[in-house]
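In: Sequence and computational prediction follow.
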Amino acid sequence: MSSHHRVIAVLGAGNMAGALAQRWASLDPAPELRLTTGSSRPAWADGLTHVSHVPVADVPSANVDAVAEADVVVLGVKPHAIVALAGEIADALAPGALVVSVAGGVRLADLASVLPAGAALVRTMPNTPVAVGRGVTAFAVAPGAPAGTNARVHELFAPTGAVEELDEDLIDAFSAVVGSGPAYVYAVIEAMREAAVSQGLSPEQAARMVPAMIGGAVAYLESTGREPGDLRVEVTSPGGSTAAALGAFVEHGLAEALAAGVGAATARARELGRG
Ligand SMILES: NC(=O)C1=CN([C@@H]2O[C@H](COP(=O)(O)OP(=O)(O)OC[C@H]3O[C@@H](n4cnc5c(N)ncnc54)[C@H](O)[C@@H]3O)[C@@H](O)[C@H]2O)C=CC1
Ligand SMILES: O=C(O)[C@@H]1CCC=N1
């Protein structure tokens, strides 16, 4: 991380913004991180001298205090609370501070309306694997932001995984696939573990084997660069056991279920953005 981003304030360091902060805290050299929450305590920050944490329940000015001279300000609260939080800290922002929203649905225009004109404002959609440097984040820069804002976002997010700029109108769809996606994968892992146990494997065996299988399948896909359909066929002997499973998936509507889930998530993100 360059000298640009020496002090990072993370306001609302919960599941998502906390995952980002965790990654930044692990860098060498690490930035100074100032976390705020409502009342909860981010246990991962215990004992880290470059990470401070103040709950607004204890210190009502915690957000404004954290922003003073910060190079980056991450707004990590829930969508319904984020415009109020942006307004609360607007006057305390250091000149040139990069303001990063992670809120689902909430539009740049709504955030820009309460921030100083020309603020370096960016809307992002990260996912929780950023905590281990394997996230995938999309971002859109506010129309009035200074030149170079885009490069600052790339630099800030580079240690958290993949990052790419996306038209703001596509961020809700990206959220439905990639922001929420880890939850879908964990739901699949849970269901596969249950299925394994129902076929006689022990819970411990299933817990070990299922994530290793998924990690291996993804690594094979990524390292060969082959199409998933091609790799699927490679596993599926005609008339064999895999074909029996894939037939059952078609019969039970797996693809339709995934499409319906992604559609529901996109629609819900748009709703959240309208408040
Ligand atoms: N959880 C996820 O995987 C993802 C979440 N997001 C977005 O991240 C945002 C937060 O979601 P989560 O992290 O899941 O929720 P969360 O509830 O874990 O985090 C919100 C945090 O804000 C704190 N907070 C509440 N009021 C505050 C205030 N006035 N000042 C400072 N902190 C305050 C809470 O104590 C909590 O730590 C949402 O806008 C969501 O759309 C985006 C991408 C993925
Ligand atoms: O569930 C949510 O609303 C957020 C947005 C993407 C992931 N979590």
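Out: Structure's in. What do you need? Ligands and ions are numbered 1, 2, ... in the order given.

In: Could you chop this structure up by domain?
Out: 3-167, 181-273 (automatic domain parsing).

In: who in this protein is up against ligand 2?
Out: 104, 175, 179, 180 (Cβ under 6 Å from any ligand atom). Where C-beta positions appear, they are placed from N, C-alpha and C, glycine not excepted.

In: Out of these, who's the most crowded?
Out: Within these, residue 179 tops the neighbour count with 26 neighbours, counted by other Cβ atoms under 10 Å.

In: In a markdown table, list the domains of the chain along with mean pLDDT.
Out: Below are these laid out as a markdown table (pLDDT from 0 to 100):
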| stretch | mean pLDDT |
| --- | --- |
| domain 3-167 | 97 |
| domain 181-273 | 97 |
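
In: Most tightly packed of these?
Out: Ranked by mean neighbour count, the domains of the chain are led by domain 3-167 with a mean of 19 (mean count of other Cβ atoms under 10 Å).

In: all strands of the stretch 101-250 of the chain, in order?
Out: 120-125, 135-141, 161-165 (DSSP state E, counting those that start in this stretch).

In: The residues of the chain next to ligand 2 into TSV, with extra columns for distance to ligand 1?
Out: Converted to TSV, those look like this (distance: Cβ to the nearest ligand atom, whole Å):
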residue	distance to ligand 1
104	3
175	7
179	4
180	7
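
In: Nearest to residue 12, out of those residues: which one, please.
Out: residue 104 (13.1 Å; Cβ to Cβ).

In: Hmm, the closest one is touching residue 179, no?
Out: Yes. Using Cβ atoms under 8 Å, residue 104 is in contact with residue 179, at 6.6 Å.

In: residues shared between the contacts of these two?
Out: Between them, residue 104 and residue 179 share these contacting residues under Cβ atoms under 8 Å, 6 or more residues apart in numbering: residue 125.

In: residues contacting residue 31?
Out: Neighbouring residues of residue 31 by Cβ under 8 Å, 6+ apart: 1, 5, 6, 7, 8, 24, 50, 71, 72.

In: In helices, which of those appear?
Out: If you go by DSSP state H, the contacts of residue 31 have residue 24 in helices.

In: Now flag whichever of the contacts of residue 31 is closest to ligand 2.
Out: Distances from ligand 2 to those, taken as Cβ to the nearest ligand atom, are shortest for residue 24 (19.5 Å).

In: From ligand 1, how far off is that closest one?
Out: According to Cβ to the nearest ligand atom, to the nearest Å, residue 24 stands 15 Å off from ligand 1.

In: quick one: the helices in the stretch 151-275 of the chain?
Out: Per DSSP state H, counting those that start in this stretch, the stretch 151-275 of the chain carries helices over the ranges 171-174, 181-198, 203-224, 228-235, 241-252, 254-273.

In: Which one of these lies nearest to residue 77?
Out: Across the helices of the stretch 151-275 of the chain, closest to residue 77 is helix 254-273 (Cβ to Cβ), at 12.5 Å.

In: Taking strand 120-125 as reference, get the angle to the closest one.
Out: Interaxial angle of helix 254-273 relative to strand 120-125 (axes from the mean of the first three to the mean of the last three Cα atoms, to 10 degrees): 150 degrees.

In: Quickly check: helix 254-273 near ligand 1 or not.
Out: No. Helix 254-273 does not reach ligand 1 (Cβ under 6 Å from any ligand atom); its nearest approach is 7.0 Å.

In: helices or strands next to that helix in the packing?
Out: With contacts taken as 3 or more Cβ pairs under 8 Å, 6 or more residues apart in numbering; DSSP states H and E, helix 254-273 sits against helix 79-89, helix 171-174.

In: got JSON lines for those helices, with distance to residue 151 too?
Out: JSON lines is the format used below for those (distance: least, Cβ to Cβ, whole Å):
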{"stretch": "helix 79-89", "distance to residue 151": "23"}
{"stretch": "helix 171-174", "distance to residue 151": "20"}
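
In: So for ligand 1, which of those sits nearest?
Out: Closest of the helices and strands packed on helix 254-273 to ligand 1 is helix 79-89, at 4.6 Å (criterion: Cβ to the nearest ligand atom).

In: and that closest one with helix 254-273, angle?
Out: Counting by the same axes, to 10 degrees, helix 79-89 lies at 40 degrees to helix 254-273.
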